[in-house]
Each structure stands twice: as structure tokens, then as C-alpha cells.
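In: what's the 3D shape of this:
(chains A and B)
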Amino acid sequence: MTAATRGARIGIDVGGTFTDFVLSDPRDRSLSFYKEPSTPDDPSRALIDGLQALLDQVGLGPRDVSVLMHGTTIGLNAIIQRKGARIGLIVSSGYRDILEIARCRMPSSFDFHADKEIPLVPRERIIEIGARLSASGAVTARPDEMEISRVTAELQALKLDAAALVLINGYTHPDFESELAERISSQAGGLAITSAASIWPEIREYERTLVACLNAYIQPLIQHYFDGLRGGLTERGVTAPIVVTASNGGSLSAASAVDRPVETILSGPASGVMAAVRLAQAVDTPGIITFDMGGTSSDIAIAAGGMPELATRTDIGGLPLVLPVVDVSAIGAGGGSIVWVDQHGIIKVGPQSAGAKPGPVSYGQGGDQPAVTDCYLTLGYIDPAGFLGGRMKLDGDAARAALASVGTRIGLSGNVADVAARAAEGALAVTTAGMASALYKTLAERGLDPRGFALVPFGGAGPTHANLLAEEVGIPHIIVPPAAGTFCAMGAAGADLRRDFVRSLRLALDAGSSATLSETFEALRTEGLSWLAAEGGAKGETRFDRAVDMRYAGQAYELRVNLPADATTADAIAEAFHREHERIYGFRDTEAVVELGTARLAAVGITPDLPVPDLYAGGTAVGPKGERPIYHRGTWIPAAVYSRAALVASQSLAGPAIVEQEDTTVVILPGWSGRIDRMGNLHLEGIAK
Amino acid sequence: MKLDPVTLEILNNKLAAITEEMCLTLQRTGRTLYVKETADFACALAGLDGRFFAYPRSIGVSGFVGLECAPAIEAVGPLEPGDVILTNDPYRSEGLATHLPDLHMIAPYFHEGEVVAYGWCFVHCSDVGGRVPSSISPTNTEIYQEGLRIPPVKLMRRGEMNPDVRLFLDANSRTPDANMGDIRAMLAALAAGQRRIDQVIAQHGAATLLEAEEDLVAYANQKARSVLSTIPEGTYRFVDYLDDDAVSHLPVRLALALTIRGGTVHLDFTGSDPQVAAAMNIPSRGRPHAWLTLRVLALVHTLDQTVPLNAGLLGPVSIEAPLGSIVNPEEPAATGVRHAAAIRVNDVLNGAFGLALPSVMPAASSGTVIPVVMAEPNAKGGRNVQVVEPMIGGTGARQGHDGVDGRDSGISNLANNPVETVEAELGIEILRYALRPDSGGAGEWRGGCGMELTFRVLTDGTNVLGRGMERLLFRPWGRSGANAGEPGSLVVNEGMPNEHHLGKIDVLEVNAGDIVSFRTPGAGGWGNPYRRDPAAVLADVANGFVTIEGARRDYGVVIADGGVDEHATQTARAGRVAGNKEIAFGPERDAWEEIFAPELMDALNHKLLAQPLARRQRLRHEILGGALGRLPEGFPRKPATPDQAETARQALRAALAD
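Out: Below you'll find the model as predicted:
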């Protein structure tokens, strides 16, 4: 067998603690999993070492790998910690303050000590150039040789790693801007200059500037990382292509990722959601809400009809990002969120987090404020000896003592274990109510009802908390995937190739402009095809999704409308818009002129499905491995404890029960039942409140 | 408090989230720009006393936490399930509504035949009739010019819309369909609130809900008292001015005596000017009204981020707002642009609290919000009207922190418009949208820079509107030895032969090729500028917030060859005595108060308020005009000679003695 024909596909997720691997083996259509401790100083080391160990484990050689797929948080971390490259910005005359002014809003209306975000490029490294266009695409200021030389000289004096170029109305004529970027770059000794209009030709100068700046800011780091990774892999004999997962739920080649690293910023969260979406498809559940509960916070995403929602405005460390990304929203506390009591005796959870160091009290690393994880421990949800597969012993007594102190401060009395348990249950009730409130709001924005969805929990604490949340919100069905920790790696291994293309039009919708729209889509499709070909994805199945931002004339907001393939006439396009407007806003206005804004095309190269494991068929049901008391609504009740690895398909469990697995613990509340399907998913079903 | 700490915190979260969910429903189903884009709306939940026990934190208008629904509820009499009250009348709703375009609605939420809470919401609708489109103009002199007044009435009776009310509404608006769209969105929001309240009752019981309503207000009250009790006790006096009232050139004076005692705050506005014959009166009805207490709310919230947002925050606040003054006008005063005066009320509170808490409170922010609007002739013979940019300035510096450049959420936190979308829709070329170097007040901590917007007009016969221009005369003040910020300005065709410096405009007529430059004021600084770290001055110069000349002139820092010239800086700083003023108001206000001294103005306002409403304005113009007639043209920008000053003072004293 050679890599070129049918090699092994490997998905990798680089987490803060572990680097997870999933290997899809074409010999027997099986999946193998592996975990390697992460090496945050140089993530590629754990990746290379873990890959080697995994290949040894399954008996494959380096040449048997057909493709490596992984996400990266290098870009995101660099942006949040402001540790990216030293970059400059060249901008049309009169707009040196584009990043200082931004969209003029402060992060808080109430807190007059709040500061605005720190601009990605300080004003001293922003250079104005006498170049710009009009809204209709005419060049109204063209820089001559002298002007370009002046800008180049100023640029060189700044000693930059990279730069970005943005012209006002540049989106109307991307070639003008990209040619200027090339001229300046070649005069400046090949300095990498990202042209905003080339990378993302969408109207709105501030947002487009940020796309370009973010790209330039992380490009040198990403380039360095992939160069190092490629070199290291080659040394081990692995020559398979590297594919990188993207924020939009798709993936792109390493070469594309180095060109446009801005597309990879949120690849981590997107991979988890995409894995959940594929899982939901496999079990024929069209509507899911993912629930990723980690150490510091919990995130949700909504997928209805088998597609995750995409957002075109996300916050990245205080900066808006307008590229389409899988829409993930934070809904509150994580396992490390601190439980505390204010001076008026009211219990609070978060927003402060104990993080990984010192961590919750039970970690025994010096944390003295109890966290949500300490509550799980105190209530009997998790086994102090079984955390992280037993690699980390937790101190249950310390957690209890800390929570008993919280209990005393909110006026509870009695024996320590009892007071601690009541405080812990109270803290979790507060946590759950906070999450539920945020989830309701997210659903209200979209006019959705939670009862029509299944909850798919992952992350370290997601499966532990999922039943509490589902019961509070009224979600009747929870699907816990087989391996919560390697879930994101699964997501990476199954990712389609995908890139989004845009072009802003701003035309009134009529026969002429609908023809222009068709031409625009055709041009974007050609771009998409050549990109897919370059990525090596054009040979397989491809798909092109079209959408366009539209509005009624005079409206200040636009609505993104997905266009069916046959909607090409003005009437059909208008009808698609009216329908969507009615769905979201409750009315249509057939009298009004409809305007076309930004045309969007997603080019997708479809990756074959991962093999579905059927490891659980035909096994014999094994009973619980033991029993332990859990605290529920004020009393201790016995709960059967199962080992996830021993559960077999079609086995049923009755709550209260605990299911322990290597990287998480599933809690099944009284009144809920559990069932394992053929693929190893654990379904919890119950009567919601 | 009656509830246990866990249930209280759970309901604290849930009830606040319900108000946000109501807002999201309103925003999703609302029709107009005000709802979709500027989010000029809000929803909340009121207890049986008509005061809010839950208010949204992250969406909608932030400042209306202190509004009271009780007078409007009492006005309509007994309520039944499905009834909804509508009102927009500041006088008959006792300050629930504060200008006519704000449509307020209240729905009783029943459980087993008893009211358990009220849902409330408001939307700034497009038009309620009146003299001008959109109903608001600063030059309206009476509320009758501002459109249809809707006293509290039942818009909905047992779930059915009252057809008579509907007829009145439709007949009195230029945009009846859009208004009805917004009204339906409000009804949807109120219904969403009812559903969630039902759910809370199903889960926790009605008795628990009612206890939570009281407990949450009590809890916020306790928290506010805890914060306020850290402020040194005493009475702190502060005065600030609006440049003018939009219909005359006379400044408008706002005076405050703030008394802090035992965790309570008393705001006494005695000495503030009488109500004006323009639309900037604040109809507080003498209550601790939202528009007069916004800064107290912000202070409590800044010092304790965990406070629940509800009426309890204002529990420790009492107020004295003389009837007939600009902060408590008598009917029929116009109130359309009451936010213009509220911006300065905010400054007065900020200044007074600053005397008590010098290390917490910032210097004055730029204190202006100008929606620069362009109305250009279109092909159909009408006009395209659109906001170019909402112009604001920066925030004041405070101890240890520079002010924020080009942002200010003190009154509103509106987003600007992308230049590219503006240019796509109007005949305009925006040449410069930038911060103003050297505009932030120099200090050990620098005030935030103001902004500049310069554009070329591309269509003949275009009108430019700049309502809300302020601080062109009286500067944003500096604190603790720092300078005031630079005042704002408006120039047409700057640097060209036909250059014009304009003051405040209502409507400016321009033609193709004209270049218009709006500049907003910089904010006040904090602390002695000669003590500012030269490295910080160097960084400001490198970044262009301060010029090399400004560094030398305002900070005594000499910059040469991209670095600080240590020796020259030492010499420059040694020769200068820092401004030692606790508050630096700038030369214009100093000159003004040299004639129109605080004690004379207090006496004048006392005298005026004793006069019948009809005589007040005329008398004020006579007395102040008489004194101004003895001063040079352009005063107080152009100082008076000692002789002129003395004659003017004598004229003033004589008039007061009458």
C-alpha cells in the first residue's frame, strides 16, 4: 500500500495540556486514538513525537500516512497575548487613526474606568499614502514614484517583520491595491505586505483593515511553525501533505494557511463543532446545540439542518473579525470558575477562574478558592482518584473544607460534609441558571426553541454538567460522544477543504444587477476552482455555496441570504430575501427596492466520511463497577458507577448513574436514562423540567 | 432579605436575562433604524411599585434604570390581563417618557388573577408629528410643536388593540406604518417577558418571584450604599455651562451642590438656570430622574461591577430640582433634545464627585455628541438625508490614566459609520477622519484627543446639519493642575481664500467643492503637565497625539532627533510654574465668571424663579443682555478691559437690585 493510493488519514488537535490524535486506518476501516502531553513552547515537538508513537502503536510506517489534518491556536494565542510580529500599516491619506477610532464604541457603557482595546499596530507604525479610490471604483489618488519611494523609505526605517496595506474603497478594485502592495514590497526588499482588498474585498474599511493586520501579525509565526513542522516530519520520513483546519469549519493546505493564516484563527473551536455536526448526521439528529465546557468558560454553537451557523462578526481579543467563522458563543462558567461570596452574603460563580495553575482547591497546587470542579467532587460526581484517567489525584477534603467555608458565609450550618454539599449544589444551580439564561438569549436572537434540539457535550467538564443544563433549559436529549477529549481531533480528521470568497457590489436588485451577480459568482467560482485544484481537492466531489447580503433600500442592516442553485433571476433572488427576512424579522416588504450587498461564495472540496466504528456490536453488557453516593436536591442518593469502556451497544442505564471515562465523567440524573448506540455514543434521555 | 443567597443569585441572573431576551426579541422584530442600528430602545421588569427590579446590561439604552412606571399605571386605573399601557407624554407620565418620540409601553403580568410584575419597554420611533420631520428640533419652544402627546392610555384592552387610539396614532405621524411596526415589536417583547415570567413562576413559585423583586432592589440598594459610604462626607459644589441654548447666545448654567452623608447622596440643583425657550429641558418632575443621576449609577457600577442593575441603585439618592428650572421644567416646556443638557448634567455630577474622590473621577470628557447629517438634493426632487458620522470626543484623564482618544460612552455608546458605506450612499468624499493632535488637555495624565471629520461636498445645494455642537466656547475642564481640552470648531474651506470659521450651526448650506471640517473638543487632563514622564510625552509625539511644538509648549519637554533632550527639558521645566488650579476651566470661562460671578448668578436665578413663567425668559435676556452690551463683541473669547468689566458688573448689580 502506498500513501498515494490509500494511506492513513490522521487528525490532530493541539490542546493546552494534551495533543490528541485520531488515525483512520484504511486497512480495516478502524479508528485509533492517541494522547501525547503538549509542548507549548514548540507545539510541533509533541505533534512529531506523538505521531511517531501512534504509527508505532498501529504498526504503520511514515510513508503510510496520506494526510495530516490539524488545527492550530498559535495565531489566536499570539493575538490575545499581543505577541505577534512587529507589523506596520500603510493606509490612504487622512486615515492614520483608522485603528484608534475603530467603530468608536467602548467596551462598557457603565464603567468609566474601562479602556478601549489596544490597537494591533501603534500609530507610530502607520504610514499614510496618497492613494485611494471612489465608491464606484475610480482611482481618485494615484501615488507617483516619489510617493512610493517615500512610503518605502519610512517603512524600511521601521524595521518590520510584515505590513498591511489598506486603501479607502480598495474593495472596489482589489487589483489596484494588490499591485501597489507588490510594488512597495519589491522596493522594500521583499517585505511581506498583506493587501486588505485582495485578502478580503468587503466594504467597511476598519473591519477589512483588521483582517489584513491580523493576517500580517500572525503570518511570520505561522510560517515559522509550519516550516519547523515540515522539517521535523521529513526527518522522520513523513512526507504526507499537511492540511490545516479553518475557522469556517473547513480546511486548507499548509501553503494556503501560511498565505492567509487569518483563516485559521478559530480553527480549534470550529473543529469541535464540526465533529459534533458530523456525529449528529451519523445519528440522524438534525438539530444540535454543542456544549464545550472547559477550564475557564463554556461555549455553545447551534447547528440546525446539519449545518453549523456561521457568524460574520466575531470578537477576537477585543477586535472584530468579519471572516465567516463557525458561530461559537460563550455562555458562562467553566470547571475552573471560582465560587465566592460577596460582602452582602450572596453566592457568586466566576467570572474569575482558577485556571490550570493554581487551579481548583482540590488540585492541591495552592488554590484556596473553591471552583466548579471542586463542587463536582464534593457532590460525588467525580472520583478523586480517577481524574484525567487517574494521572492527577484530587484532594476531596480540601475541596469540601473550602466549600464548607462558602456555606458558612451564606448562612448554612450543620456538619462540614453537608454544608459543603449544600453550598456546592447551590453553586452549581447558580452556574446552570447563568448558562441557561445565556442559552435562552442565544436562541431568542434566532427565534429557536430548545425542545427541538439535542445537546452534544464535550470538553473536560461538558459531559459532567450537560444533564444539569439540559434539565434546566428543557432539552430532552443529550448525545455524549465516545471520546470527549479526542473529539476535536476527530473534527480535524473529517474536515472538508473550504475557502470563502467575497465581493461587495451594492446595487439595486433588477434584471441587470442579477446578471452582474451571476457573473460575480462565476468569477468567484473560477477562483474557487483554481484554489481547490491547487489544494489537490478538485478531483473529488466539490460544492459551491452561494449567499448574498441583501436589504430593503434605506435599511441600515443587511441580511445574509443563502441562495439555492436555481435562484438566478431577480425575482427568485428577491423571493429568497423576502422569505429569510420574514423568518428572522417577522415581516416582508414587497413594495421596497431590494439592494444587493456583498456576494459570498464558499468553495468546498468534500472529504470522504471517516469510517464509522462498530466496536460495540455484539458485546455482553457488563454491570456497574460500583456505586457511590451523589448529593441531589438536598440528600445523598446512591448512584451506580459504570466504566464507559465496558459499555456495549444497546445497553441501557438508569439514572442516577455515573459513567467514568478516561478524560471525563458523565452524570445521569434521577429521572433520566442512558443508552449506548452502535457507534459508541451515549444518549441521555429524560423528562426535562 | 427574605430569599436564601442561592435562590436570590439564581433569580438575579434569570430576571436580568429575561429583560435582555425581551430586548433581543424587540430588536429582531422591530422595523426602524433606531431599533436595528442605534439600539435606541430598552426593556425591563418592574415590581408592584412600578420601579425596575431587573434591567438589561448588554443591550439597549443603558441609562433608564431609574425610570418609574407607577404614575402611568395609576393614571389608567384598574388593569386586566392583556391590557397594555402606551404613553409618550413627559408631563402626564411624570417623567417616564422624556421626549415625545419615545413610545413607552407597560404590560401587567398576571398570575392567578393578581399582578405579579410589570413588563416595560420603549422605542424611539421615527416620527410623532410636530413641526419638523422626526419631531425633534432644538429650536422648538413648546412641547406642542414636538408632536402628538399620548397621555397614559390603554393601547391594548384584554389583548385587543384599541381602535380609537390606533386612529389617533396613525393620523399624527409622518411614518404611521413604521411606528406600528415598532409597536408590534414592543408587544412581542412584552409577550416574551410574560412567557418567561410564567416559566419562573412554574419553577420557583409566585411567592418567590415577589420576594425576589423586593430582595433584588434591596440588594442593589445595600451595594450602592456600601460604595457611596466610602466617599468622604461633605457638600461639594460644582458649576458647568452649555455654550448657549440654541435660540440665543446666552450660556446655560447648571449648578449642583452634592451632599454625601452616611452612604446617601443628595443632589441639589438650586442655582441652575430657568427652563429655556428651546428643546433642551429635562422633564425630571423633581424626581431622582434617570437623566439627572446617570453619573451616580456609573460611579457605583464602576466601583462595584457586580451590582444588579435596578432601582435599588438609586435608593440612596435624593434630589432638589427647583420647579421651573432647566432640570425640572414646567409644562409646556419643550424637551426634544433633553440629552444635550443631560450631557452637561453628567459633567456637573462628575465634577462634584471629583471634589470628593479626586483619584477616582476623571476630568471632563469632551462633552459633545454631534450627529453630522447631510441632506443632498436627489434626482426625484427630494433629499437624501443621512448621518455622515456621529462625532464625539475623548474621555477625561484621571489619576494614573490617560483619557481615551476618540471614544466616550458617557451618555451613549453609538457605533460610527464606515466611511465606505457613507461614500457609497451620499455625494461626499471624506478626506480625513482622524484624532486631533494637541487637543487633549495637557497633564501628568493627558486628556483624550478630540476628533476631526473633513469632507468634500460633491453636490450643489446640499445642507449639512451639526446639531449638538457644544464646548466650542467653554472647554472640557482639566483637574488637579492639568489643562482644559481644546474647544471644538467648524471651518469651511480651511486654508483657502474663501475660508470661513463658523460657530454653532443648525443648518449649513454648501455646494459642490466646498470642504467642511468639524473638530470636536479634546478632554481635560489630570495633574501637573510638567510632571508627565518625558518618555510618555515622547511616545505621544511619536504616535502623533502631541506635536513637537505642543510637547515644548504644554509639557516643557524638548524633543530632538526622535528623542528627549534631557538637558533642554530640565531647563524648560525649571523655568515654569505649573498651573496650580484644582480645576482648570480655560480662559473663556474665567473671563465669563469674572463678570457673571457665581453668587450673582445664584441670586439672579433665585429672583427669576419667583417670576411667572411668561416673564422669566424676557427678564433674563434683559438683565444678561444689558451687561453683555457693555462688553466687547466676541466676549468672553475676547477679554474685556478692566473698565468694561467694571461697567458690566455694575449694570448687573443694578439690575439685580431692582
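In: Let me see the backbone angles for the residue of the stretch 51-200 of chain B at minimum distance from chain A.
Out: Closest residue of the stretch 51-200 of chain B to chain A, C-beta to the nearest C-beta: B:S62 (4.0 Å). Placement of C-beta: from N, CA and C, glycine included. Per-residue torsions, B:S62: phi -80, psi -20 (degrees, to the nearest 10).
In: Quick check: closest non-adjacent residue to it.
Out: Residue nearest to B:S62 in three dimensions, not counting chain neighbours: A:S109, with 4.0 Å by C-beta to C-beta, 6 or more residues apart in numbering or on different chains.
In: ok, now B:N463?
Out: Nearest to B:N463 is B:A375, by C-beta to C-beta, 6+ apart, at 4.3 Å.
In: For that neighbour, which three-state class applies?
Out: strand (DSSP: H, G, I helix; E, B strand; the rest coil).
In: Quick one: residues contacting it.
Out: By C-beta atoms under 8 Å, 6 or more residues apart in numbering or on different chains, the contact set of B:A375 is B:R383, B:N384, B:V385, B:T462, B:N463, B:V464, B:L465.
In: Give the burial count for the residue nearest to B:S62, as a bare number.
Out: For A:S109, the count of nearby residues is 22 (other C-beta atoms under 10 Å in any protein chain shown).
In: ok, it touching B:S409?
Out: Yes - if you go by C-beta atoms under 8 Å, A:S109 and B:S409 touch, sitting 4.8 Å apart.
In: on that earlier part again, give me the distance between the residue nearest to B:N463 and B:V317.
Out: Distance of B:A375 to B:V317, computed by C-beta to C-beta, to the nearest Å: 41 Å.
In: picking up where we left off before, B:E646 versus the residue of the stretch 51-200 of chain B closest to chain A, what's the distance?
Out: For B:S62 relative to B:E646 (C-beta to C-beta), the value is 48 Å.
In: These two: which has the busier surroundings?
Out: Set side by side, B:S62 and B:E646 show more neighbours around B:S62, with 25 against 13, by other C-beta under 10 Å.
In: and the more buried one, what is it in contact with?
Out: A:S109, A:F110, B:N413.
In: can you pull the pLDDT of it?
Out: B:S62 carries a pLDDT score of 80 in this model.
In: Could you do A:V14 as well?
Out: So A:V14 comes in at 84 (pLDDT).
In: repeat for the one 5 residues further on
Out: According to the model's per-residue confidence, A:T19 sits at a pLDDT of 86.
In: Quick check: which helices or strands does the helix or strand where it lies pack against?
Out: Assigned by DSSP states H and E, A:T19 belongs to strand A:18-25. Identification of packing neighbours for strand A:18-25 by 3 or more C-beta pairs under 8 Å, 6 or more residues apart in numbering or on different chains; DSSP states H and E yields strand A:8-14, strand A:30-37, helix A:43-58, helix A:487-493.
In: Okay, now the sheet partners of that strand, with direction.
Out: Counting by DSSP bridges, the strands paired with strand A:18-25 are strand A:8-14 (antiparallel), strand A:30-37 (antiparallel).
In: and the stretch 51-200 of chain B, which of its residues are near chain A?
Out: Counting by C-beta under 8 Å from any C-beta of the partner chain, the residues of the stretch 51-200 of chain B close to chain A are B:R57, B:S62, B:G181, B:A188, B:A192, B:R196.
In: how about a markdown table for the residues you listed, with secondary structure and distance to A:R132 added?
Out: As requested, these are exported to a markdown table (DSSP: H, G, I helix; E, B strand; the rest coil; distance: C-beta to C-beta, whole Å):
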| residue | secondary structure | distance to A:R132 |
| --- | --- | --- |
| B:R57 | coil | 40 |
| B:S62 | coil | 37 |
| B:G181 | helix | 39 |
| B:A188 | helix | 44 |
| B:A192 | helix | 46 |
| B:R196 | helix | 50 |
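In: Assign residue 104 to helix, strand or coil.
Out: Let's take chain A. Secondary structure state of A:C104, per three-state DSSP, is coil.
In: please go with chain B instead
Out: strand.
In: Now do the contacts for the closest residue to it other than its chain neighbours.
Out: Closest residue in space to B:H104, ignoring its immediate chain neighbours: B:F122 at 4.4 Å, by C-beta to C-beta, 6+ apart. For B:F122, the contact set (C-beta under 8 Å, 6+ apart) comprises B:F41, B:A42, B:F64, B:A97, B:D102, B:L103, B:H104, B:M105, B:M186.
In: Can you pull out the low-pLDDT segments for the stretch 451-600 of chain A?
Out: A:485, A:537-539, A:556 (pLDDT under 70).
In: Could you give the number of residues near A:T314?
Out: Residues near A:T314, counting by other C-beta under 10 Å: 20.
In: From A:I265, how far out is it?
Out: Distance from A:T314 to A:I265, by C-beta to C-beta: 9 Å.
In: Overlap in contacts, those two.
Out: Common neighbours of A:T314 and A:I265 (C-beta under 8 Å, 6+ apart) are A:L321, A:V325.
In: Is it correct that B:Q386 falls within a strand?
Out: Yes - counting by three-state DSSP, B:Q386 is located in a strand.
In: partners of it in the sheet?
Out: Those that pair with B:Q386 in a beta bridge, by DSSP bridges, are B:M374.
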